[in-house]
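Participant: Task: produce atomic coordinates for the following.
(4 chains)
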Protein chains: 4
Amino acid sequence: MSYGTCFPLWRAGAPDWDAYVRAPFLGGLADGSLPRRAFLTYLSQDYLFLIHFARAWSLAVTKAGSLPEMRACSATVHALLETETRLHVELCGRAGITEGDLAATLEAPQNLAYTRYVLEAGYSGDFLDLLAALAPCVLGYGEIGARLLSEPHDPAYAEWIETYGGADYQALCHDTAALIDGAVASRLGPQAPALPRWRQLQDRFSTATRLEAAFWTLAG
Amino acid sequence: MSYGTCFPLWRAGAPDWDAYVRAPFLGGLADGSLPRRAFLTYLSQDYLFLIHFARAWSLAVTKAGSLPEMRACSATVHALLETETRLHVELCGRAGITEGDLAATLEAPQNLAYTRYVLEAGYSGDFLDLLAALAPCVLGYGEIGARLLSEPHDPAYAEWIETYGGADYQALCHDTAALIDGAVASRLGPQAPALPRWRQLQDRFSTATRLEAAFWTLAG
Amino acid sequence: MSYGTCFPLWRAGAPDWDAYVRAPFLGGLADGSLPRRAFLTYLSQDYLFLIHFARAWSLAVTKAGSLPEMRACSATVHALLETETRLHVELCGRAGITEGDLAATLEAPQNLAYTRYVLEAGYSGDFLDLLAALAPCVLGYGEIGARLLSEPHDPAYAEWIETYGGADYQALCHDTAALIDGAVASRLGPQAPALPRWRQLQDRFSTATRLEAAFWTLAG
Amino acid sequence: MSYGTCFPLWRAGAPDWDAYVRAPFLGGLADGSLPRRAFLTYLSQDYLFLIHFARAWSLAVTKAGSLPEMRACSATVHALLETETRLHVELCGRAGITEGDLAATLEAPQNLAYTRYVLEAGYSGDFLDLLAALAPCVLGYGEIGARLLSEPHDPAYAEWIETYGGADYQALCHDTAALIDGAVASRLGPQAPALPRWRQLQDRFSTATRLEAAFWTLAG
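Facilitator: Numbers count the residues shown, from 1 in each chain, chains lettered A, B, ... in the order given. The predicted structure is shown next:
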């Protein structure tokens, strides 16, 4: 699985990448053995996560260096606020969890850790720090979705698998990878991986990956 | 002219409000005496302004306290990046000013002062500080547009007057005023104007108004 | 134990306060049963914590509203960077842990969660949000130190207990409480606890308390 | 005059450097022809400037990448808040301007433009963006002070000239230049001037220089 140029390098340098994209939780999604209750716990936390994720992509608009960068990030904010959060509300609604329930859910420590890490990376660093911290989520879900979709999977969670493995989400992944590659090239030039700055970005990516891996454990 | 509840109070407390909404530049727009060259200088600077303004509204998404607040601010970002900046490019294009020319324009000091004041108010303060600093621009243009449209005006700049005096922009003003009133009420309660915090918000609004008034002078 | 006016109210409203100030880890500090190795793990993480804590107090200088507020926060930054971090280096050094070891320590998830929550509260909110998120650490350690010092305790960790229970740290707690009370009064006025804003500050305080309680568990 | 390695390159690339360090205002300081009233207007605005400058250096502590970087920036905050602001209060006090008068002074547009530009560069960019925006002030005053001190000058403003030309301030300039050079090297490596990032830092430096040049004009 490959999205762009920077991501495969960062992915290879993140010790927890496999723990993230091959978590037991995902095995349970694929073979249908994941208890519905655990899935709904995950979904409720993911709803809160999406809100902070939209906040982080909005911060990326603020910190971008050009109109095309701003427009790319803004399109993601729009998709998160107008489509993805509404999908979660609908999915949860089918299980009797209302939007009010979702908004009143107590954020799990793993959720707090990951979302605030990304936002703080963005505030304290620059546009690249923020993208490096956002990348494991966007592109990791793309990698997970594509793999699960290409393998035999139980119908129980097929909708989730088809969302992230499907053409729309895969296109978003390629756009995001292009945004990252362009942003890195227009700031650090063609020798970016040889700069000390690269190691700092790798560290952002690796820590975010570690926190993504932990996120799967919140459903117990 | 009245938008919501907070704005009329802040407006009444801003010493430079009339200097802003009754600037000589606007008289020249109304009677058509404003030299085309001055208008194009203004428009080029306003293009750069819109970019920073979109950045500030994106920061508002990040600093918002609820999904409806986030969605309201994000809609403004979307309109700025997808519609208003493109209109400026088109208007300038008719006068032979390319998008490349616009992007290469040196920011006038009045432009730097105003945009950075708003962004810094947002970063250093909270959602309310940011809204108070954004309000004079959004709602002042609404007030100016509505007034000029209701009075006899020369066709020379009628397009500009109709944009800001027109129904779409006026609706945006009422939405923004509702966003502000709701944000103040849900944080400071019904006695907001009696709190010391109110004076700080008034100060944000008054300083932004002063910088808006100065903005008209950049076209010489 | 009482520091100022706001803190006792926030403390009473934080569901995890007792879990924080009466954690098993603290029992082990008091009776000396805490394994040295667990203490050193805690101390190494606390060193990383102090660095982010100093960053957060510096952000408070940036977000303060007056010179006295700036000076109060800056004094804390100075104490953290020039005294407290050096004490940790010295304490760890006695156990053979070098400053290089400390800097290379992988941040525990509990540490990431807490420090980034505080910093992000500061960036996304205002001075009060930041103070409400900082308060549980500063004042909770004061309460813990004062209590443990007043009770019989084993000499094993007496130095730690004397640091936080001692006169210097207790004076810092009273100064911090005065800073908080003054900051709240000069923004929200005398009826602050009746405002919706108060609930938001309570929520910052409660979440930070929850993350402080979890911090004790990182030493296993 | 030379401080470190990056500064001379940025200085050479800033079109307004001479307008800044050879402003008419400075000629009037050197030969004593500057009216006292203009000097006091400058000093009052500079007092407000110092407060925002201390806020910006505190933000640098928050955005720094290591303890030594944090300590270097924190030392500057400390000097600004505990020494330089008090000196301005004393100097103004001799002329009958009280600390209350200073705090109530309306910020000039040139002051708003410069201070908010620097702070926003820091918030939206990273540590390097902030340092590049701070450098013209710190090091430009060093260059101005050293030059005026080495030339014949009237006693009228000798105190000001001796402050910035004197050994203490010159040492601070060399420390700041070393901080900048180290920060650039540890992020962008030895080929920093060849990277696109360098042009962005140059742009920060050049814009801040332009706003510094304009600052001299506020005293009329």
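
Participant: Roughly how far does the residue nearest to the spatial centre of chain A sit from B:R71?
Facilitator: Nearest residue to the geometric centre of chain A (C-alpha atoms, centre = their mean): A:C137, 1.9 Å. The spacing between A:C137 and B:R71, counted by C-beta to C-beta, to the nearest Å, is 21 Å. The C-beta positions use only the backbone N, C-alpha and C, and glycine is treated the same way.

Participant: Same check on A:N111?
Facilitator: For A:N111, the distance to B:R71 equals 21 Å [C-beta to C-beta].

Participant: the more surrounded of those two?
Facilitator: A:N111 (22 against 17; other C-beta atoms under 10 Å in any protein chain shown).

Participant: Was I right to think the more buried one contacts A:L48?
Facilitator: Yes: applying C-beta atoms under 8 Å, one finds A:N111 in contact with A:L48, separated by 6.0 Å.

Participant: Tell me how many other residues crowd A:T83.
Facilitator: Neighbour count for A:T83, taken as other C-beta under 10 Å: 11.

Participant: quick one on the thing from earlier: once you drop chain neighbours, what's closest to the residue nearest to the centre of chain A?
Facilitator: Leaving aside its sequence neighbours, A:C137 sits nearest to A:E212 (C-beta to C-beta, 6 or more residues apart in numbering or on different chains; 6.2 Å).

Participant: confidence score at that neighbour?
Facilitator: For A:E212, the model assigns a pLDDT of 97.

Participant: The host helix or strand of it packs against which elements?
Facilitator: A:E212 belongs to helix A:196-215 when assigned by DSSP states H and E. Other elements packing on helix A:196-215 under the criterion 3 or more C-beta pairs under 8 Å, 6 or more residues apart in numbering or on different chains; DSSP states H and E are helix A:6-12, helix A:17-21, helix A:109-124, helix A:127-150, helix A:167-188, helix C:109-124, helix D:167-188.

Participant: now A:A194, nearest residue through space, not along the chain?
Facilitator: Excluding its sequence neighbours, the residue lying closest to A:A194 (C-beta to C-beta, 6+ apart) is D:G189, at 7.3 Å.

Participant: Would the helix ranked longest in chain A count as contacting chain D?
Facilitator: Among the segments of chain A that qualify as a helix by DSSP state H, the longest is helix A:36-63. Yes: counting by C-beta under 8 Å from any C-beta of the partner chain, chain D is contacted by helix A:36-63 at A:62-63.

Participant: That helix close to chain B?
Facilitator: Yes: judged by C-beta under 8 Å from any C-beta, helix A:36-63 comes into contact with chain B at A:51, A:54-56, A:58-59, A:61-62.

Participant: Adding mean pLDDT, write the helices and strands packed on helix A:196-215 out as a markdown table.
Facilitator: Formatted as a markdown table, the helices and strands packed on helix A:196-215 follow (pLDDT from 0 to 100):
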| stretch | mean pLDDT |
| --- | --- |
| helix A:6-12 | 98 |
| helix A:17-21 | 98 |
| helix A:109-124 | 98 |
| helix A:127-150 | 98 |
| helix A:167-188 | 97 |
| helix C:109-124 | 98 |
| helix D:167-188 | 97 |
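
Participant: Switch these over to CSV; also include distance to A:D203.
Facilitator: Formatted as CSV, the helices and strands packed on helix A:196-215 follow (distance: least, C-beta to C-beta, whole Å):
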stretch, distance to A:D203
helix A:6-12, 10
helix A:17-21, 14
helix A:109-124, 10
helix A:127-150, 8
helix A:167-188, 15
helix C:109-124, 12
helix D:167-188, 12
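
Participant: Count residues in the vicinity of the residue nearest to A:R36 when sequence neighbours are not counted, would you?
Facilitator: Once flanking residues are discounted, A:R36 sits nearest to A:A95: 7.5 Å by C-beta to C-beta, 6+ apart. When neighbours are counted by other C-beta under 10 Å, A:A95 registers 12.

Participant: What of the one 5 residues further on?
Facilitator: Neighbour count of A:G100, defined by other C-beta under 10 Å: 7.

Participant: buried set for the helix or strand it falls within?
Facilitator: If you go by DSSP H and E, A:G100 is part of helix A:99-104. Buried residues in helix A:99-104, counted by 16 or more other C-beta atoms under 10 Å in any protein chain shown: A:99, A:102.

Participant: residues making contact with it?
Facilitator: By C-beta atoms under 8 Å, 6 or more residues apart in numbering or on different chains, the surrounding residues in contact with helix A:99-104 are A:44, A:47-48, A:88-89, A:92-93, B:67.

Participant: now those: which count as buried?
Facilitator: Counted by 16+ other C-beta under 10 Å, the contacts of helix A:99-104 give A:44, A:47-48, A:88-89, A:92, B:67 as buried.

Participant: Just the closest of those residues to C:A167, please.
Facilitator: Using C-beta to C-beta, A:L48 is the member of the buried ones among the contacts of helix A:99-104 that sits closest to C:A167, with 43.1 Å.

Participant: dump the residue contacts of the closest one.
Facilitator: Going by C-beta under 8 Å, 6+ apart, the list of residues near A:L48 reads A:102, A:105, A:107, A:111, A:115.

Participant: which one is the residue in chain A that chain D sits nearest to nearest to, not counting chain neighbours?
Facilitator: Residue nearest to chain D within chain A: A:D126 (3.8 Å; C-beta to the nearest C-beta). In space, and not counting its chain neighbours, A:D126 is closest to D:D126: 3.8 Å by C-beta to C-beta, 6+ apart.

Participant: Torsion angles phi and psi at the one you found?
Facilitator: phi -120, psi -170 (degrees, to the nearest 10).

Participant: And for the spatially closest residue to A:D31 that is not a sequence neighbour, the neighbour number?
Facilitator: Closest residue in space to A:D31, ignoring its immediate chain neighbours: A:D154 at 5.4 Å, by C-beta to C-beta, 6+ apart. Using other C-beta under 10 Å, A:D154 has 14 other residues around it.

Participant: Pretty sure A:D154 sits against A:L34.
Facilitator: No: if you go by C-beta under 8 Å, A:D154 and A:L34 don't touch, sitting 9.3 Å apart.

Participant: thinking again about what came up before, let me know the closest of the contacts of helix A:99-104 to chain C.
Facilitator: Nearest to chain C among the contacts of helix A:99-104: A:L48, at 12.5 Å, using C-beta to the nearest C-beta.

Participant: Got the confidence number for the closest one?
Facilitator: On the pLDDT scale, A:L48 gets 97.

Participant: cool, A:F39 as well?
Facilitator: 95.

Participant: pretty sure A:L9 contacts A:R199?
Facilitator: No: using C-beta under 8 Å, A:L9 is not in contact with A:R199, being 11.5 Å away.

Participant: and these two? which has more neighbours close in?
Facilitator: A:L9 (16 against 12).

Participant: Up against chain D, what does chain A have?
Facilitator: So chain A meets chain D at A:62-63, A:65, A:123-126, A:129, A:185-189, A:191, A:194-197, A:200 (C-beta under 8 Å from any C-beta).

Participant: before we move on, the earlier item: quick one: the residue nearest to the centre of chain A and A:F53 touch, right?
Facilitator: Yes: under the criterion of C-beta under 8 Å, A:C137 makes contact with A:F53 at 6.9 Å.

Participant: Mind listing what's buried along the helix holding A:E212?
Facilitator: Across helix A:196-215, burial judged by 16+ other C-beta under 10 Å covers A:197-198, A:200-215.

Participant: That one: how far from the chain's middle?
Facilitator: Taking the mean of its C-alpha atoms, helix A:196-215 sits 13 Å from the chain's own mean (C-alpha atoms, centre = their mean, to the nearest Å).
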